[in-house]
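*Asks:* Any chance you could fold what I've pasted below:
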Amino acid sequence: MTIFDQVEKKARSAKEASGMLYNCSTKKKNELLKALIRRLGGETNRILAANRKDLSNAQARGLSKVLTERLTLNKKRIEQLARGVEAVIRLPDPVGRIVDKRRRPNGLSIEKMRVPLGTVGIIYESRPNVTIDAASLCLKSGNSVLLRGGSEAINSNKKLVDVLKLALRDVGLPAGSVEFIATTDRRAVTAMLQQERSLDVIIPRGSRQLISFIQKNSSVPVIAHGEGNCHIYVDRDADLTMAENVVFNAKVQRPSVCNAAEKLLVHKDAASRFLPRIANRLRQANVEIRGDRKTDSLVNGVKPAKKADWYTEYLDLIIAIKVVNDLDEAIAHINRYGSHHSDAIVTRTRANGERFLREVDSAVVYVNASTRFTDGFEFGLGAEIGISTQKLHARGPMGLVELTSTKYIVHGKGQIRT
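*Replies:* A predicted model of the protein is given here:
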C-alpha cells in the first residue's frame, strides 16, 4: 500500500466517523472526555516510556534544546493535559446554538445554527501535547480529526492516540473519530493535503517553512497557525517596574513558545532609564541581547541587530531591541516586521493604549500585560487547537467556537416565492 493509499484510508475512516459525532449529544461528548482523563491517568507511565524513546532519539539526532523542551513530557505536563480536558468539559457546547434569528415579512423564520466543521486535519511538529489538546477540542465540537505529528514525537503521539482510542471504545464511539498517520515519511503530508473529499479543513502548527508549504500545496482549506514574532513597546511614561516585569516574563518564562516576546521597542525618552535595568535582568537569565545603535550606546556588550533580526522568531533566549522616536514609529515597526500574532504596549497614557489596540494589526493586542497570555487555556477556551494569524473565519487562539461553522435553518408554513 502506497503512502497516499494509507493516508486516504485514514482520512476516509475519520470522515465516516464524523457523521456520528455531528449528531452526538453534549452529554455523550463529555462522557468521552471524562474517559480520556481516566485513561491519561492510568496510562501515564506508558506515555512517559514512549516519550523517553523520543527524547533518546532526539539526543542522538542532536535536536536543539528548544525542540527538546517542546518534545518533553513529564507527570506534571500530563496532569496539565488532563486539566485542559477538564476545562473543555466545563465549556458550553457551541453545536446547535442559535446565533441569529429573524422573521421575514412573508412569515419565514430564518435562524443561523452552529454546526461542526466535519473532519479536521491537524499537521504539527514537536509538541505531543497538541495530540490531546487538538483531539479534545475537535471531539467536543463534534468533529472527527486526522492527526499528523512530527517525526521527533512519533512514539509519544502513537501512545497518546492509543489512549484516545481506548477512551472512544469506553463510551462506544467509533475508533475512526481520531485517526493518526503513524509514519515519519514526509510524503504523508503531501498526501494529506490532497484529501479534499474527506477533510473539511487543515490546521497546521509549526515552522514558517511547513506552513508556507501547506498553504501553497493544499487542495483542502487551511487555517494557519502563524509564527510568533511578538513585540513589547515601552512607552515614554510607562511604569518602568511594570515594564521590566512584563518584558522579563514575556521573554524568559518559556522562550520556546510562539507567544514569547522576541522584540523590545523603547521610547527614546525612557530608553536611558529603562534599557540598562532590563538588560541587566535579562542577562542574569542568560538572554542574548541584539540591538540598534541607540541601544548599543546605552547598554554594553550588545550584538548589532541585522535587518533579518526584526523579522525573526527566535524561540530561544534571544531578544532584539530598538529605540523608537514615538508611538507612531513603534506601531509602524510592529505592523511592518511583526507576524501579526501578539504585541503589547506598556503605558500610563490611556489614549496611547487605546490607539495601540486599534492600530496594531495583530491577532491579540495587549495594554500592560505579557504576551504569554495568548493561549486558549488562559483565555478561558480550555485547550487550544492553534493560534490563527489569518483573518478569515478564525483569528487568535482557536477554541470550540472556531471549530464550528453555521448553517441556516428555515421554518415556513407553505410559503412559495413569486
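
*Asks:* all contacts plus neighbour counts: C-alpha atoms, from now on.
*Replies:* Noted.

*Asks:* quick one: what helix or strand has residue 53 in it?
*Replies:* Per DSSP states H and E: residue 53 is located in helix 44-61.

*Asks:* and that helix, what other elements does it pack with?
*Replies:* Using 3 or more C-alpha pairs under 8 Å, 6 or more residues apart in numbering; DSSP states H and E, the elements in contact with helix 44-61 are helix 65-71, helix 75-90, helix 154-171.

*Asks:* Give me the distance from the second one to the chain's centre.
*Replies:* Just to be clear, that refers to helix 75-90. Distance of helix 75-90 from its chain centroid, counting by C-alpha atoms, centre = their mean, to the nearest Å, is 16 Å.

*Asks:* which residues are contacting the next helix or strand after it?
*Replies:* Next along the chain after helix 75-90, taking DSSP H and E as the criterion, comes strand 98-103. Strand 98-103 is touched from outside by 109, 110, 111, 112, 113, 114, with contacts defined as C-alpha atoms under 8 Å, 6 or more residues apart in numbering.

*Asks:* Just say helix, strand or coil for the fifth one.
*Replies:* This points to residue 113. At residue 113, secondary structure determined by DSSP: H, G, I helix; E, B strand; the rest coil is strand.

*Asks:* Check it and give its pLDDT.
*Replies:* On pLDDT, residue 113 comes in at 98.

*Asks:* wait, what's in contact with it?
*Replies:* Counting by C-alpha under 8 Å, 6+ apart, residue 113 has contacts 95, 96, 97, 98, 99, 100, 406, 407, 408, 409.

*Asks:* Find the nearest non-adjacent residue to it, please.
*Replies:* residue 98 (4.5 Å; C-alpha to C-alpha, 6 or more residues apart in numbering).

*Asks:* what number of residues lie near that neighbour?
*Replies:* Residue 98 has 16 neighbouring residues, counting by other C-alpha atoms under 10 Å.

*Asks:* ok so, going back, I'd like to know which of the contacts of residue 113 is nearest to residue 191.
*Replies:* Closest approach between those and residue 191, by C-alpha to C-alpha: residue 406, at 28.4 Å.

*Asks:* Pretty sure the closest one sits against residue 111.
*Replies:* No: the pair residue 406 / residue 111 is not scored as a contact, 9.8 Å apart, by C-alpha atoms under 8 Å.

*Asks:* Quick one: mean pLDDT for the helix holding residue 53?
*Replies:* 95.

*Asks:* For it, buried residues please.
*Replies:* For helix 44-61, a neighbour-count test (16 or more other C-alpha atoms under 10 Å) marks 44, 47, 48, 49, 50, 51, 52, 53, 54, 55, 58 as buried.

*Asks:* Repeat that for stretch 207-214.
*Replies:* Result for stretch 207-214 [16+ other C-alpha under 10 Å]: buried residues 211, 214.

*Asks:* For residue 307, grab the count of nearby residues.
*Replies:* Using other C-alpha under 10 Å, residue 307 has 10 other residues around it.

*Asks:* can you pull the pLDDT of it?
*Replies:* Looking at residue 307, its pLDDT reads 95.

*Asks:* Okay, it and residue 362: tell me how far apart.
*Replies:* Look at residue 307 and residue 362: by C-alpha to C-alpha, to the nearest Å, they are 21 Å apart.

*Asks:* wait, doesn't residue 268 sit right on residue 233?
*Replies:* No: using C-alpha under 8 Å, residue 268 is not in contact with residue 233; the gap is 11.3 Å.

*Asks:* neighbour-wise, which of the two wins?
*Replies:* Set side by side, residue 268 and residue 233 show more neighbours around residue 233, with 29 against 19, by other C-alpha under 10 Å.

*Asks:* Give me the three-state assignment for the more buried one.
*Replies:* Residue 233 - assigned by three-state DSSP - is strand.

*Asks:* Quick check: pLDDT value at it.
*Replies:* With respect to pLDDT, residue 233 scores 98.

*Asks:* quick one: residue 141 and residue 70, what's the gap?
*Replies:* From residue 141 to residue 70 the distance is 26 Å (C-alpha to C-alpha).

*Asks:* in the stretch 301-418 of the chain, which spans are helices?
*Replies:* Secondary structure of the stretch 301-418 of the chain (DSSP state H, counting those that start in this stretch): helices at 307-311, 327-337, 350-359.

*Asks:* what sits up against the longest one?
*Replies:* This means helix 327-337. For helix 327-337, contacts defined as C-alpha under 8 Å, 6+ apart pick out 231, 233, 235, 265, 267, 310-311, 324, 343, 352, 356, 359-362.

*Asks:* contact partners of the biggest helix by length in the chain?
*Replies:* Secondary structure of the chain per DSSP state H: the longest helix is helix 3-22. Here helix 3-22 makes contact (C-alpha under 8 Å, 6+ apart) with 115-116, 118-119, 139, 142-146, 173-181, 187-188, 191-192, 195, 198-199.

*Asks:* helices or strands up against the helix or strand following it?
*Replies:* Going down the chain from helix 3-22, the next helix or strand is helix 26-42, by DSSP H and E. Where contact means 3+ C-alpha pairs under 8 Å, 6+ apart, helix 26-42 is packed against helix 75-90, helix 129-140, helix 154-171.
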